[in-house]
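1. Build me a model:
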Amino acid sequence: MIANFVDLLRESLRPSSRGYRESAIAVAVLFSCMFVTAQVKDSAAPVSRIIPPPASYQFLEGSNFTYMVEWHFFTAGTATIHVEGAGAEKHVVATANSAGVVNMLYTVRDQFQSSVDPKTFCSLGISKHAEEGSHKRQTEIRFDYARRKSVLEEKNLKTNATKKEENDIPGCVTDVLTGFYYLASLPLARGDTYSFSANDGNKTAEVKAEVEGKEQVKTPSGTYPTIRVRVEATSGTLKGKGGLWIWYAEDERHTPVQMRAKMTWGTLMFRLQKIEKR
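-> I've put the predicted structure just below:
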């Protein structure tokens, strides 16, 4: 991510960008990139329904999850995520930090917070503080469902330049962070396929998830029986150019223990390193 997820993806895939290496490294420390990569070009693309969670569903509150990010056999950084209760809302809070040799090449210090209605799984808003290389930006996104608009307000913290942008949204969208939890709330039976809409303040993206099967997975935090889910863009510039696999533990809350993002320029691995009580 150079200042926001979509801009980074564009840079990393553009031949005339300032460098494959820097762009790929920045993406490597962001476990959420696949939910914001596909921007819809065709306004006639179908809009999918987001299924409200069952009354018994519980968010993964009370614990902090740390993931080790690997890129070309190097440790590229770490990503953390946890959920906080906030009245009638839930807040999904995440960080992404580069490490080791990668940190010397391109430093990333990012913080994110997504607000979601736990009864509907509709995202309410996103806050991003991004420090990547020489770029520093603060971005606020809110979803105005009454007007069917996403409202993005962004400030360049170095130049103080600002921008405001509105885009159409359907009656309910998920976002870059809550998409992982949305999938975890579903039954995830082998052969199931789900389609849903995701938005990060730009144009709404269509995402498809397919449950491929079960697999035993070993991570630094332990070995888990898991359910493997493939996620891919079904419209936009990255359609057919990559995919994301998520391994959810076969527990009642489908804890995500491993992720793999396969793109045209390489593969990223995200492995659960530790779970800490908050």
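2. And the spatially most distant residue from the centre of the chain, how close does it get to His135?
-> What lies farthest from the middle of the chain is Thr159; by C-alpha atoms, centre = their mean that is 27.4 Å. Here the criterion is C-beta to C-beta, to the nearest Å. By it, Thr159 lies 10 Å from His135. Bear in mind the C-beta positions are built from the backbone N, C-alpha and C, glycine included.
3. next one: Ile126
-> 18 Å.
4. which of these two has more neighbours?
-> With neighbours defined as other C-beta atoms under 10 Å, Ile126 and His135 compare such that Ile126 has more, 26 against 18.
5. tell me the contacts of that one?
-> By C-beta atoms under 8 Å, 6 or more residues apart in numbering, Ile126 lies in contact with 112-115, 139-141, 175-177, 200-201.
6. Tell me where this protein has strands.
-> 63-71, 74-86, 89-98, 108-116, 123-132, 135-144, 149-156, 162-168, 193-198, 205-219, 222-233, 243-249, 256-263, 266-277 (DSSP state E).
7. For Ile50, which of those strands is the nearest?
-> Closest approach to Ile50 among those is made by strand 193-198 (5.2 Å; C-beta to C-beta).
8. On the strand side of things, show who Tyr67 bridges to.
-> Tyr67 has the following beta-bridge partners by DSSP bridges: Ala79, Leu272.
9. just Gly266 next, same as before
-> Here Gly266, judged by DSSP bridges, has bridge partners Met263.
10. Surely it is in contact with Phe74?
-> No. Using C-beta atoms under 8 Å, Gly266 is not in contact with Phe74; the gap is 11.1 Å.
11. Count the neighbours of Glu89 for me.
-> Neighbour tally, Glu89, other C-beta under 10 Å: 13.
12. so what's the closest residue to it other than its chain neighbours up against?
-> In this structure, Glu89 finds its nearest non-sequential neighbour in Ser115, 5.1 Å apart by C-beta to C-beta, 6 or more residues apart in numbering. Shown in contact with Ser115 (C-beta under 8 Å, 6+ apart): 86, 89-92, 123-126.
13. Generate a PyMOL selection restricted to the buried subset of the residues you listed.
-> Selection of buried members from the contacts of Ser115 for PyMOL, criterion 16 or more other C-beta atoms under 10 Å:
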select buried, resi 90+91+92+123+124+125+126
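14. Redo the contacts of Ser115 as CSV? Include distance to Arg49 and pLDDT.
-> Shown next, in CSV, are these (distance: C-beta to C-beta, whole Å; pLDDT from 0 to 100):
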residue, distance to Arg49, pLDDT
Ala86, 26, 90
Glu89, 21, 95
Lys90, 20, 95
His91, 24, 96
Val92, 21, 95
Ser123, 14, 97
Leu124, 18, 97
Gly125, 21, 97
Ile126, 21, 96
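15. Out of the contacts of Ser115, flag the one nearest to Thr234.
-> Using C-beta to C-beta, Ser123 comes nearest to Thr234 of the contacts of Ser115, at 19.2 Å.
16. residue contacts, that closest one?
-> 114-116, 143, 173-175, 178, 199.
17. ok, now with 7 Å
-> Ser123 makes contact with 114, 116, 143, 173-175, 178 under the criterion C-beta atoms under 7 Å, 6 or more residues apart in numbering.
18. Tell me the bridge partners for it.
-> Taking DSSP bridges as the rule, Ser123 bridges to Val116.
19. So Gln273 versus Glu70, what's the distance?
-> Taken as C-beta to C-beta, the span from Gln273 to Glu70 is 11 Å.
20. Make CSV out of the contacts of Ser115 and add distance to Pro54.
-> Formatted as CSV, those follow (distance: C-beta to C-beta, whole Å):
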residue, distance to Pro54
Ala86, 21
Glu89, 19
Lys90, 15
His91, 21
Val92, 19
Ser123, 19
Leu124, 20
Gly125, 24
Ile126, 25
